[in-house]
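Trainee: Got a predicted structure plus its sequence, pasted below:
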Amino acid sequence: QVQLVESGGGLVQAGGSLRLSCAASGRTFISDYAMGWFRQAPGKEREFVAGISWGGVRTDYADSVKGRFTISRDNAKNTVSLQMNSLKPEDTAVYYCATSPLRSTPQARESYNYWGQGTQVTVSS
């Protein structure tokens, strides 16, 4: 069992930056999992944002955030982060971190088995 808690969300103006963190606890270390960030805006489906392989070697991003967001992980601290720069109003959503038992960086929600409660990110224009 893995518990995930996101933090770092908030209100920021367009062009600003935020850094989200996800802390894992439980009997399993996140080094056993690939990690992903997803987001869900009101009235929309939850969508993949970024993923990182279990060893941190491979990262993948949604086209909409490439060049602006960076995912990283610290397996020793059991944390994964999402640095978000040049934020846009369309980035407004609840952001979730999740674990996947796959070693790669899947983009499908069904490939992830544990989820956090989410943190709200609001970008004003």
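Mentor: That came in fine, so what should we check first?
Trainee: now the strands for the chain?
Mentor: 2-7, 10-13, 18-26, 34-40, 47-52, 59-61, 69-74, 79-84, 93-100, 114-115, 119-124 (DSSP state E).
Trainee: Mind giving me the packing neighbours of the third one?
Mentor: This means strand 18-26. Applying 3 or more C-beta pairs under 8 Å, 6 or more residues apart in numbering; DSSP states H and E, we find strand 18-26 packed against strand 2-7, strand 34-40, strand 79-84, strand 93-100, strand 119-124. Every residue, glycine included, has its C-beta placed from N, CA and C.
Trainee: how far out from the middle of the chain is that strand?
Mentor: 9 Å (C-alpha atoms, centre = their mean, to the nearest Å).
Trainee: Rounded mean pLDDT for that strand, please.
Mentor: For strand 18-26, mean pLDDT rounds to 94.
Trainee: Paired strands for that strand, with orientation please.
Mentor: Here strand 18-26 is paired, per DSSP bridges, with strand 2-7 (antiparallel), strand 79-84 (antiparallel).
Trainee: how big is the angle separating it from strand 47-52?
Mentor: 70 degrees (axes from the mean of the first three to the mean of the last three C-alpha atoms, to 10 degrees).
Trainee: and the spatially most central residue of the chain, how far is that from residue 71?
Mentor: Most central in the chain under C-alpha atoms, centre = their mean is residue 37, positioned 2.2 Å from the mean C-alpha point. Distance of residue 37 to residue 71, given as C-beta to C-beta, to the nearest Å: 6 Å.
Trainee: just residue 58 next, same as before
Mentor: From residue 58 to residue 71 the distance is 10 Å (C-beta to C-beta).
Trainee: for residue 56, same thing?
Mentor: 9 Å.
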